[in-house]
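> 3D, please:
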Amino acid sequence: MQILKINSSHPPKSVVHKVVEVLEQGGVIVYPTETAYGLGCDATNPQAVEKIYHIKGRKRGRPLPLIVANARMARQYAIMTPLAEKLAKKFWPGPLTLVLKMKNGVRLHGVKQCTAAIRISSHPVARALSHALGKPLIATSANKSGFSVCYGVFCIKKSLQRAFFKVDLVLDAGKLPKQSPSTIVDAQSEKIEILRQGAVDPRSVKLSEKLRPQLF
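From the prediction side, this is the model:
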């Protein structure tokens, strides 16, 4: 295991490159997001995703959320309904996770059947990693399944115990501010269905408004 201390707001390119090398080799990382520290890997690598289930002690088959670099990447893997586009325009990047139907032929692991829970993180490190990898990142909280989320590396080590040492690389951005988890919305139709109320309230979006072209 390697632990790298980083500046949370400006991840050096050399560090991003090193992390991407680990991800491309099927490694599992701990990295900061806008809500808490996350466990991540290349979501297209089944062995890496299986390793996350093992480290976290999470039941196989329970879906894992994803972080993508931008809306273009989200559209590459999932069907963005008009509702999803409106919510994304208002809340992305940020703590809003959209449950979307995946496109035919897409192969992602840790997701539920043909749907995926996706967000664009507002944290520069998380976004930079997905952008440099060119693929979605698994973004499950870095703690033992069923336990509280962690805002610092010491908490992660205490929560995961011996499984902590199965992580390949840790990006330590120091103590993160305590935040609510992301709000999860099923956006497969044209009706807002909140699956978990978190940091943002998607009901503030006026669904009657015409959608303007996406600029991100």
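> Show me the helices in the protein, by range?
13-24, 46-56, 71-77, 82-91, 124-133, 153-160 (DSSP state H).
> among those helices, which is nearest residue 187?
Taking Cβ to Cβ, helix 82-91 is the member of those nearest to residue 187, at 4.0 Å. Bear in mind the C-beta positions are built from the backbone N, C-alpha and C, glycine included.
> Put the alpha carbons of the closest one into CSV.
Extracted C-alpha coordinates of helix 82-91, given in CSV (Å, rounded to 0.1, in the frame of the first residue of the first chain):
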residue,chain,number,x,y,z
PRO,A,82,-35.0,15.0,-20.2
LEU,A,83,-35.5,14.9,-16.4
ALA,A,84,-31.9,13.7,-15.9
GLU,A,85,-30.6,16.5,-18.1
LYS,A,86,-32.5,19.1,-16.1
LEU,A,87,-31.3,17.8,-12.8
ALA,A,88,-27.7,17.5,-14.1
LYS,A,89,-27.7,21.1,-15.4
LYS,A,90,-28.7,22.4,-12.0
PHE,A,91,-26.7,20.1,-9.6
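> same question for it, mean pLDDT?
On average, the pLDDT along helix 82-91 is 94.
> quick revisit: so which of the helices of the chain is nearest residue 195?
helix 82-91 (13.1 Å).
> Please point out which parts of that closest one sit buried.
83, 84, 85, 86, 87, 88, 89, 91 (16 or more other Cβ atoms under 10 Å).
> Now do stretch 6-25, average pLDDT.
90.
> can you pull the buried residues of that stretch?
6, 11, 15, 16, 19, 20, 22, 23.
> Let me have these in CSV, adding distance to residue 116 as columns.
As requested, the buried residues of stretch 6-25 are exported to CSV (distance: Cβ to Cβ, whole Å):
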residue, distance to residue 116
6, 28
11, 25
15, 27
16, 24
19, 22
20, 21
22, 23
23, 18
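> any weak-confidence spans in this structure?
Scanning the chain with the threshold set as pLDDT under 70 gives 205-216.
> on that earlier part again, mind putting the helices of the chain into JSON lines with distance to residue 109?
Formatted as JSON lines, those follow (distance: least, Cβ to Cβ, whole Å):
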{"stretch": "helix 13-24", "distance to residue 109": "14"}
{"stretch": "helix 46-56", "distance to residue 109": "4"}
{"stretch": "helix 71-77", "distance to residue 109": "12"}
{"stretch": "helix 82-91", "distance to residue 109": "22"}
{"stretch": "helix 124-133", "distance to residue 109": "15"}
{"stretch": "helix 153-160", "distance to residue 109": "21"}
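> what's the closest of the ones you listed to residue 34?
Nearest to residue 34, of the helices of the chain and by Cβ to Cβ, is helix 124-133 at 7.4 Å.
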